[in-house]
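Q: what would the 3D arrangement of this be:
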Amino acid sequence: MKPYTVVCNAVCAAALAAGCASNALSPEAKSQLAPAGALRVAVLTSNPIIHRTTPALGRELATQAGVPVKLIDYGAVNKLMQDATNGAWDVAVVATDPERQAIVDFAPAHLAADGFLTVLVPPGSSARRMADIDQPGMRVAAVRGAATQIVLARTLKNASVLAAENEDAAFESMKAGKAQGYAQNRFILRARAATLPGSRLLDDSFAGLHLAFALPKKRPAAARYVTQFVEKAKADGTVQRAIEDAGLGGEVNVAPAAQELPYKGM
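A: Numbers count the residues shown, from 1 in each chain. Coordinates of the predicted model:
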């Protein structure tokens with residue numbers, strides 16, 4: 001399956017097509033971006049890539065917007081996504097997926113890695129590739145509501161997904177034999193494999209990784225502003241510095257510049 005490539009939604013496409021050179025924050029955008037006075041940045045602590053890069057980028061976004069920043073930690077992505085609809089946070093970084101666009105608006109992806117989502121199999125497993133584990137009666141553990149679970153549900157043709165409440169529970173399901181594999185990104189899975197001798201990653205993958213800032217719905221001016229910030233941050237090295245400072249060089253890359261799309265109104 002090819003990695004999901006973000007196509008900006010209408011508000012983001014409008015910002016790109018307008019070719020805004022200035023990153024000045026309008027009063028409307030400020031009220032939508034930080035309605036509580038400070039920019040509340042949701043940080044998914046269970047994903048090291050997001051956890052290590054989002055605070056720096058969130059602080060830079062707040063600095064450029066001229067507002068204070070407040071970091072809010074989330075241990076599980078399903079709770080983070082639930083809170084997108086109740087005003088608990090203003091921006092978050094999550095893996096992009098079409099199903100999530102019903103809940104949030106995405107800026108263009110700022111981090112990307114091809115072939116990055118795969119499966120960890122336990123000691124003694126004969127599975128080497130996704131085709132080996134996508135068999136009747138096989139189960140792959142993944143966190144409920146995570147991009148891995150969403151994409152796996154669309155990808156697997158014979159095996160099924162065992163939904164877990166968090167990463168520890170997903171890993172333990174595999175260890176206990178309730179699932180024949182545990183799905184996540186390669187960075188997380190390598191660390192997990194180091195704690196379970198004999199376990200290993202499959203040779204291939206089921207998807208790539210694209211991480212982007214997400215905003216609650218009905219904040220179009222804020223979404224345009226964050227889109228401008230992201231494209232500038234990719235171009236001027238801000239995102240690359242966040243990758244390097246987080247010690248993630250070689251794991252993920254700066255996502256390509258978003259393709260300009262024709263403005264079709266809002």
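Q: going forward, measure contacts between C-alpha atoms and count neighbours the same way
A: Fine.
Q: break the chain into its domains for me.
A: 10-112+208-254, 115-207 (automatic domain parsing).
Q: need those in TSV with mean neighbour count and mean pLDDT, can you?
A: What follows is the domains of the chain, written out as TSV (neighbours: other CA atoms under 10 Å; pLDDT from 0 to 100):
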stretch	mean neighbour count	mean pLDDT
domain 10-112+208-254	19	91
domain 115-207	19	96
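Q: residues contacting the nearest residue to residue 201 once chain neighbours are set aside?
A: In space, and not counting its chain neighbours, residue 201 is closest to residue 120: 4.4 Å by CA to CA, 6 or more residues apart in numbering. By CA atoms under 8 Å, 6 or more residues apart in numbering, the residues touching residue 120 are 181, 182, 183, 184, 189, 193, 199, 200, 201, 202.
Q: which elements pack onto the one helix or strand the second one maps to?
A: Which is residue 182. Using DSSP states H and E, residue 182 sits in strand 181-185. Judged by 3 or more CA pairs under 8 Å, 6 or more residues apart in numbering; DSSP states H and E, strand 181-185 is in contact with strand 111-121, strand 139-143, helix 147-155, helix 167-175.
Q: out of those, which is closest to residue 75?
A: With CA to CA as the criterion, residue 75 lies closest to helix 167-175 of those, at 9.0 Å.
Q: only alpha carbons, please: show that closest one as CSV.
A: Only the C-alpha atoms of helix 167-175 are listed here, as CSV (Å, rounded to 0.1, in the frame of the first residue of the first chain):
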residue,chain,number,x,y,z
GLU,A,167,1.2,1.0,23.3
ASP,A,168,2.1,-1.0,26.4
ALA,A,169,-1.2,-3.0,26.1
ALA,A,170,-0.6,-3.6,22.4
PHE,A,171,2.9,-4.9,23.0
GLU,A,172,1.7,-7.1,25.9
SER,A,173,-1.0,-8.6,23.8
MET,A,174,1.7,-9.8,21.4
LYS,A,175,3.9,-11.1,24.2
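Q: how far is that helix from where the chain is centred?
A: On the basis of CA atoms, centre = their mean, to the nearest Å, helix 167-175 sits 20 Å off its chain's mean C-alpha point.
Q: how about stretch 90-102?
A: Counting by CA atoms, centre = their mean, stretch 90-102 is centred 7 Å from the centre of its parent chain.
Q: could you dump that stretch to CSV, C-alpha only?
A: Written as CSV, here are the backbone C-alpha positions of stretch 90-102 (Å, rounded to 0.1, in the frame of the first residue of the first chain):
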residue,chain,number,x,y,z
ASP,A,90,-5.6,24.1,19.8
VAL,A,91,-3.0,22.3,17.8
ALA,A,92,-1.6,18.7,17.9
VAL,A,93,0.7,16.6,15.7
VAL,A,94,-0.7,13.3,14.6
ALA,A,95,-0.3,11.0,11.6
THR,A,96,-2.5,12.1,8.8
ASP,A,97,-5.3,9.9,7.6
PRO,A,98,-8.5,10.6,5.5
GLU,A,99,-10.7,9.2,8.3
ARG,A,100,-9.3,11.8,10.7
GLN,A,101,-10.3,14.7,8.4
ALA,A,102,-13.9,14.3,9.7
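Q: show me the contact partners of it.
A: With CA under 8 Å, 6+ apart as the criterion, stretch 90-102 contacts 4, 6, 33-34, 39-44, 50, 54, 106, 109, 147, 150, 209-216.
Q: for stretch 132-147, measure first residue to last.
A: Using CA to CA, to the nearest Å, one end of stretch 132-147 lies 21 Å from the other.
Q: residues in contact with that stretch: which ones?
A: Residues from elsewhere that reach stretch 132-147 (CA under 8 Å, 6+ apart): 77-78, 81, 95-97, 119, 127, 148-149, 156-167, 170-171, 173-174, 178-184.
Q: 6 Å - rerun?
A: Outside of stretch 132-147, the residues within contact range by CA atoms under 6 Å, 6 or more residues apart in numbering are 77-78, 127, 149, 156, 158-166, 170, 179-183.
Q: chain center to that stretch, what's the gap?
A: On CA atoms, centre = their mean, the centre of stretch 132-147 falls 19 Å from that of its chain.
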